[in-house]
Each structure stands twice: as C-alpha cells, then as structure tokens.
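1. Provided below for reference: sequence and predicted model.
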Amino acid sequence: MLWQLNKEAIQHGVEGLTYLLTESSKLMISEIDFQDSIHVLGFSDELNKLLLQLYLDNRKEIRRILSELAPKLPSYHSLEWRLDVQLASRSLRQQIEPTVTIKLHLNQNEDQSARVLQTDPSTLLHLIQQLEQALGEMKTNHCRRIVRNMK
C-alpha cells in the first residue's frame, strides 16, 4: 500500500520526532517513562519499540550536541568597587549623596571584558536581597531536581 504524504505532513512528522528526542534527552527520562510518553501517541507496538531503540541509541549524542549548541555565557573573574560620597556642591552646601561604583571583570571565550555599574546604596541593598532570595530558592528540592535534570 502506497501512502501519499504532502510536504507539510512530512515536515511536521520530522519536527515532532526531533522534539520528542531532544526533550527526552534533555530530561534524561528513563526507558519506562519514554515508553509511557510514546504509548499515548497511538503508534503500533513495533513502531514504539523502534522509537525506544532510537532514543536509547542516540540520547547521549543528542545531549552532547545540545551542550555544544548552548550559548557560552560570560563568567565571573573579579570585582572592584568604590564608594563615592558627595558632601556638598556649589548650590547645596549640606548634601550627602552616596554612590557605589562596581567594576565587574568577566571572562568569555578566552576574552576578558569589564562592565562598570553605578548605583545608590539603597538600590544595591535591594539587589542583594533579591539575589539572596534567588540563592535560597536554588536550595529548594524543586530547583535541585530541575538543575539535576538539566545536567
């Protein structure tokens, strides 16, 4: 029996198969979970076995390729900071205006760059609180599970 498929049907099939394999490989789902995932698609048992074998044979290679395609983000190298306080100006004799200047040195692909940030102390304190809260979130079981599955 010959099947006639149009271009869109083939494209959707390939995209669906690609999505299934990449997402399953990203999450490193077990053999049983993969079988459960494809069982609901309504394919024959023979096709389900072929898809499972395809996944098991290629998941490490897919993960390697995905890690190579991931963007290389800058990493921390060093930090310099300075506190400036303006005590007076020509128009205001009694003025206290503190400013924190931060120079952040970053590494990215063997290149070093620097970013200069300037803020007032209250904004810096708020930023510190938000970062500490995010760091606390990372210690929860839910986030640990997500990070573990991302590796």
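-> On my side now, so go ahead. Numbering: from 1, shown residues only.

2. helix or strand: which one has residue 98?
-> strand 97-108 (DSSP states H and E).

3. distance between the next helix-or-strand element following that strand and the chain's centre?
-> Moving toward the C-terminus from strand 97-108, the next helix or strand (DSSP H and E) is strand 111-119. In terms of CA atoms, centre = their mean, to the nearest Å, the centre of strand 111-119 is found 22 Å from the chain centre.

4. in the helix or strand following strand 111-119, what counts as buried?
-> Note on strand 111-119: by DSSP H and E, the next helix or strand toward the C-terminus is helix 121-138. The neighbour-count check on helix 121-138 (16 or more other CB atoms under 10 Å) flags residue 124 as buried. All C-beta spots, glycine's among them, are computed from the backbone N, C-alpha and C.

5. dump helix 121-138 to PDB, restricted to CA.
-> Taking Å, rounded to 0.1, in the frame of the first residue of the first chain, the C-alpha atoms of helix 121-138 are listed here in PDB:
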ATOM      1  CA  PRO A 121      23.300  52.100  48.300                       C
ATOM      2  CA  SER A 122      19.500  51.500  48.700                       C
ATOM      3  CA  THR A 123      19.200  50.000  45.200                       C
ATOM      4  CA  LEU A 124      22.300  47.900  45.900                       C
ATOM      5  CA  LEU A 125      20.800  46.600  49.100                       C
ATOM      6  CA  HIS A 126      17.600  45.700  47.300                       C
ATOM      7  CA  LEU A 127      19.600  43.900  44.600                       C
ATOM      8  CA  ILE A 128      21.500  42.000  47.300                       C
ATOM      9  CA  GLN A 129      18.200  40.900  48.900                       C
ATOM     10  CA  GLN A 130      16.800  39.700  45.600                       C
ATOM     11  CA  LEU A 131      20.000  37.700  44.900                       C
ATOM     12  CA  GLU A 132      19.900  36.100  48.300                       C
ATOM     13  CA  GLN A 133      16.300  35.200  47.800                       C
ATOM     14  CA  ALA A 134      17.100  33.600  44.400                       C
ATOM     15  CA  LEU A 135      20.000  31.800  46.000                       C
ATOM     16  CA  GLY A 136      17.600  30.500  48.700                       C
ATOM     17  CA  GLU A 137      15.200  29.300  46.000                       C
ATOM     18  CA  MET A 138      18.000  27.300  44.400                       C
END
